[in-house]
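Novice: turn this into a structure:
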Amino acid sequence: PKGTMAFAGKYEFEGDENYDAFVQKIGLPSDKVEMGRNCKIVTEVVQNGNDFTWTQHFPGGRTTTNSFTVGKEADMETMGGKKFKATVKMEDGKLIADFPNYRHTAEISGGKLVEISTCSGVVYKRTSKKIA
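Specialist: Numbering: from 1, shown residues only. As a prediction, this is how the structure comes out:
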C-alpha cells in the first residue's frame, strides 16, 4: 500500500493549534495540561509493514509507548494515561484511531508528522519536524 514505510523516524514537536480548547474538552487534569503545553515531545515511530511501535518521549524522561498492527485491536494508552482498546485503521496513507473520547489521525505531510485529534467539534493539530 501507498506510503507503508512513510512513518518511520523520530520527530520533534514544532507547534500546535487549539491545545487548550481540546484538553478542556477531553477533561485532561490541569497538571497534565501544563505538562503538555508547548512540550518538546519527541515521537519515535518504528514501522515494520503494518506493525507499529509509537513512542512519545516527554521532557524529564517520561515515555508512552503504543504498539499496534493496522486492522487489529490493540491495548493503547491515552495522553492522560488511561488504558483502552482500539483498532488502528489506515486510510489514504493516514493512520486513524478512535480513542475513548476523541478520534486521532496521523499522517506524513511535507516531511512532517501531522497529528489531528478531534473531540466534539474541537480540532487539535500537532505538527512535528523530522529529526532522525
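Novice: now for the helix or strand in which Glu14 is found, which elements pack on it?
Specialist: Assignment of secondary structure by DSSP states H and E places Glu14 within strand 9-17. For strand 9-17, the contact count by 3 or more Cβ pairs under 8 Å, 6 or more residues apart in numbering; DSSP states H and E identifies strand 42-48, strand 112-119, strand 122-130 as packing neighbours. (Glycine included, C-beta is placed from N, CA and C.)
Novice: identify the residues contacting it?
Specialist: 38-45, 112-113, 123-132 (Cβ atoms under 8 Å, 6 or more residues apart in numbering).
Novice: which ChimeraX command selects the buried ones in these?
Specialist: Selecting the buried subset of these in ChimeraX, with 16 or more other Cβ atoms under 10 Å as the burial test, is done by:
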select :39,41,42,43,44,45,113,124,125,126,127,128
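Novice: do you know the pLDDT at the residue nearest the centre of the chain?
Specialist: For the chain, the residue whose C-alpha lies nearest the mean C-alpha position (Cα atoms, centre = their mean) is Glu115; its distance is 5.8 Å. Model confidence at Glu115, given as pLDDT, is 96.
Novice: how near is it to Asp31?
Specialist: Glu115 sits 22 Å away from Asp31 when distances are taken as Cβ to Cβ, to the nearest Å.
Novice: in the protein, which ranges drop under the pLDDT threshold?
Specialist: 1-5, 79-80 (pLDDT under 70).
Novice: and with 80 instead?
Specialist: Screening the chain residue by residue with the criterion pLDDT under 80, one finds the ranges 1-5, 35, 38, 78-81.
Novice: verify the stated contact: Lys85 with Glu73.
Specialist: Yes. Lys85 is in contact with Glu73 according to Cβ atoms under 8 Å; the separation is 5.4 Å.
Novice: isn't Ile108 up against Phe7?
Specialist: Yes. If you go by Cβ under 8 Å, Ile108 and Phe7 touch, sitting 6.2 Å apart.
Novice: who are the contact partners of the closest residue to Pro59 other than its chain neighbours?
Specialist: Leaving aside its sequence neighbours, Pro59 sits nearest to Lys40 (Cβ to Cβ, 6 or more residues apart in numbering; 5.8 Å). Residues in contact with Lys40, defined by Cβ under 8 Å, 6+ apart, are Glu12, Phe13, Pro59.
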